[in-house]
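Undergrad: After the sequence you'll find the predicted model.
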Amino acid sequence: MKQDNPLHCPLGVSVRQVIQRINDNKMGIVLMVDQDGRLLGTITDGDVRRFLLNQGSLDGPAGPLIWQHPVTAPAGASRGELTRLLTEHKLRNIPLLDDDGRPTGLFTLADALESEGERPCAVILAGGQGKRLRPLTEDIPKPMLPVGDAPLLENIVRNLVACGFSDIYLSVNYKAQVIEDHFGDGQAFRAHIRYLREETELDTAGPLSLLPPQSAPLLVTNGDIYTATGLDRLYEFHLAHRCVMTVAATQYRVKVPYGVLNLAGHLLLGMDEKPEQRFYCNGGIYVINPEILRLIPAGEAFSMSQLLERVLGAGLPVAVFPIHESWVDVGQRADLERACEEALGKGGEQ
């Protein structure tokens with residue numbers, strides 16, 4: 001697949017090739033064009049992830065994912081008109097076309113937010129003790145363990161900043177001073193960092209009760225997750241689906257080493273030889289609407305599992321964002337070693 005413009009993609013490519021082009025252009029979208037460069041349609045990062053949730057194959061053709069009627073605008077449209085179109089149609093991107101229908105650029109949600117001076121903020125949950133990693137965590141908190149040439153937590157902060165999240169809260173408890181000494185106010189990392197100081201351990205949702213009032217959805221991540229996932233894409237996925245929460249999910253495979261019998265009572269219907277089952281599991285990264293924060297009790301240990309139970313129990317919609325990129329939960333030494341390999345560029349897609 002050869003295209004000079006990283007936003008453009010020809011027909012006949014695979015889903016995997018579309019993902020590669022989206023990763024290369026870092027815009028969360030590709031513009032499908034014909035041989036003359038005219039726009040045929042679009043495929044977004046969200047389109048790909050919904051396809052994967054429906055058990056689609058990365059090596060299958062990308063053609064069925066193309067949206068053939070995207071909202072577009074003339075190349076000379078004003079910023080105000082483009083922002084209005086984004087808001088009216090609840091879009092993240094608008095292709096800009098010349099008089100012949102060829103894309104000349106892309107107006108994005110980030111462009112609109114920049115013009116309005118708005119930026120989403122993120123919370124990193126970094127207060128855990130990392131007991132399973134002792135003695136490595138006897139003197140430093142788990143998020144400060146080295147991964148590559150920087151602490152794990154610094155990798156997370158830099159990824160957030162690269163994805164447009166420069167306003168960051170760090171929730172701290174165990175060995176908090178180590179974290180605060182390293183990051184300070186965040187200026188050295190091109191971020192504005194503030195601290196949520198847990199007097200006692202508040203689990204994975206409890207620290208959010210320490211936040212000041214919020215007016216926009218929050219991105220929340222555990223402080224022990226190393227991933228190549230574009231967190232801006234997770235945030236855009238959440239906004240596009242208009243749910244109150246979005247949970248990032250990683251796929252876990254279980255290979256049964258025996259032939260599995262399919263039964264109807266005492267009768268055998270068939271046998272699956274050494275089948276593989278796939279499950280989507282909680283990836284420890286979320287986007288949460290501000291109105292959901294009132295469901296979290298103040299000053300108490302409260303987990304994300306408990307919060308999800310309350311949200312679902314209230315009949316509120318929760319979306320799932322599948323992670324196809326590399327993802328490591330650094331809980332044990334083997335996980336830490338794998339994260340270090342990912343940082344050295346030896347990892348890839350799941």
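TA: Noted; the coordinates are in hand. All values derive from a computational prediction rather than experimental measurement.

Undergrad: Flag the shaky bits of the stretch 51-200 of the chain, pLDDT-wise.
TA: Filtered on pLDDT under 70, the stretch 51-200 of the chain yields the residue ranges 110-119.

Undergrad: Show me where it has its strands.
TA: Per DSSP state E, counting those that start in this stretch, the stretch 51-200 of the chain carries strands over the ranges 73-74, 93-97, 103-108, 121-125, 146-147, 150-151, 167-172, 192-197.

Undergrad: I'd like to know which of those strands is closest to Q306.
TA: Evaluated over those, closeness to Q306 peaks at strand 121-125, with 14.4 Å, by C-beta to C-beta. From N, CA and C alone the C-beta is placed, and that goes for glycine too.

Undergrad: how about the strands of the stretch 51-200 of the chain in TSV, adding mean neighbour count and distance to A248?
TA: What follows is the strands of the stretch 51-200 of the chain, written out as TSV (neighbours: other C-beta atoms under 10 Å; distance: least, C-beta to C-beta, whole Å):
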stretch	mean neighbour count	distance to A248
strand 73-74	14	31
strand 93-97	21	21
strand 103-108	18	21
strand 121-125	25	13
strand 146-147	20	19
strand 150-151	18	22
strand 167-172	23	18
strand 192-197	17	21
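
Undergrad: Where does T246 sit, in terms of helix or strand?
TA: Taking DSSP states H and E as the definition, T246 sits inside strand 245-255.

Undergrad: got the buried residues for that strand?
TA: 245-251 (16 or more other C-beta atoms under 10 Å).

Undergrad: Just the C-alphas of the helix or strand F237 falls within, formatted as PDB.
TA: Mapping F237 onto the secondary structure by DSSP H and E places it in helix 231-241. Extracted in PDB, the C-alpha atoms of helix 231-241 (Å, rounded to 0.1, in the frame of the first residue of the first chain):
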ATOM      1  CA  LEU A 231      -5.900   7.500  24.600                       C
ATOM      2  CA  ASP A 232      -7.300  10.300  22.600                       C
ATOM      3  CA  ARG A 233      -9.100   7.700  20.500                       C
ATOM      4  CA  LEU A 234     -10.600   6.200  23.600                       C
ATOM      5  CA  TYR A 235     -11.900   9.600  24.600                       C
ATOM      6  CA  GLU A 236     -13.300  10.300  21.100                       C
ATOM      7  CA  PHE A 237     -14.900   6.800  21.100                       C
ATOM      8  CA  HIS A 238     -16.600   7.700  24.400                       C
ATOM      9  CA  LEU A 239     -17.900  11.000  23.000                       C
ATOM     10  CA  ALA A 240     -19.200   9.400  19.800                       C
ATOM     11  CA  HIS A 241     -21.200   6.700  21.600                       C
END
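
Undergrad: rewinding a little: export the strand holding T246 as CSV, just CAs?
TA: The C-alpha coordinates for strand 245-255 follow below in CSV (Å, rounded to 0.1, in the frame of the first residue of the first chain):
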residue,chain,number,x,y,z
MET,A,245,-18.8,5.5,31.0
THR,A,246,-16.5,3.7,28.6
VAL,A,247,-14.3,0.8,29.7
ALA,A,248,-11.2,-0.1,27.7
ALA,A,249,-11.0,-3.8,27.2
THR,A,250,-8.2,-6.2,26.4
GLN,A,251,-8.7,-9.5,24.8
TYR,A,252,-7.7,-12.6,26.8
ARG,A,253,-7.4,-16.0,25.0
VAL,A,254,-7.8,-19.4,26.7
LYS,A,255,-6.7,-22.5,24.8
